[in-house]
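Participant: below are the sequence and a predicted model; questions follow.
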Amino acid sequence: MVVASFLVKDLHLPWQWGARHFMAHLVDGDLASNNHGWQWAAGTGTDAAPYFRVFNPTTQQQRYDPDGDYVARWAPDPVEPMLDHKAEREEALRRLDSIRS
C-alpha cells in the first residue's frame, strides 16, 4: 500500500502502471485483488471513499521499520528523498478534489 500510494499520489503515475508491474512480479498475484487494491490506493475504485489517504513513506518507515532493517536489506545504499511529500500530497488531493467537483 505504501508503494501504491507513493506511485499514484506522490509521483502522480497511473495506477495501471503499478498494477501491471506488480502482477508481472508477484508470486501469488490475483488479477482482481491486485487491480482493486491499486484502484483503492489511487482513490478511483468502487470503494474510493478513502481517496484522501496518502501514506507518508518516512512516517511508515519510522513506525514499522524503526531500526532500518528492511530498508537496509532492499536499498543498501542511502536513499535521499526524491520529492517534497507534503507538496505532492497537496497536489494529489487538489487533483482528486477537481475530479469530484
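Facilitator: Ah, there it is.
Participant: quick one: the residue sitting furthest away from the middle of the chain and F55, what's the gap?
Facilitator: Of all residues in the chain, S101 has its C-alpha farthest from the mean position, at 23.4 Å, by Cα atoms, centre = their mean. Look at S101 and F55: by Cβ to Cβ, to the nearest Å, they are 24 Å apart. For the C-beta atoms, the positions are set from N, CA and C on the backbone; glycine is no exception.
Participant: just the buried residues of the helix ranked longest in the chain, please?
Facilitator: With secondary structure taken from DSSP state H, the chain has its longest helix at helix 85-100. Under the neighbour-count criterion of 16 or more other Cβ atoms under 10 Å, helix 85-100 has 85, 88-89, 92, 96 buried.
Participant: low pLDDT regions in the chain?
Facilitator: 48-50 (pLDDT under 70).
Participant: for the protein, what spans make up the helices?
Facilitator: 2-5, 15-25, 31-42, 57-64, 69-74, 85-100.
Participant: any chance of those in JSON lines, with distance to Y51 too?
Facilitator: Output for the helices of the chain, formatted as JSON lines (distance: least, Cβ to Cβ, whole Å):
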{"stretch": "helix 2-5", "distance to Y51": "11"}
{"stretch": "helix 15-25", "distance to Y51": "12"}
{"stretch": "helix 31-42", "distance to Y51": "8"}
{"stretch": "helix 57-64", "distance to Y51": "19"}
{"stretch": "helix 69-74", "distance to Y51": "28"}
{"stretch": "helix 85-100", "distance to Y51": "5"}
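Participant: okay, now Y64: neighbour count?
Facilitator: 9 (other Cβ atoms under 10 Å).
Participant: equivalent analysis for L26, please.
Facilitator: When counting by other Cβ under 10 Å, one arrives at 11 neighbours for L26.
Participant: which ones are touching R89?
Facilitator: R89 makes contacts with 9-10, 54, 56, as judged by Cβ atoms under 8 Å, 6 or more residues apart in numbering.
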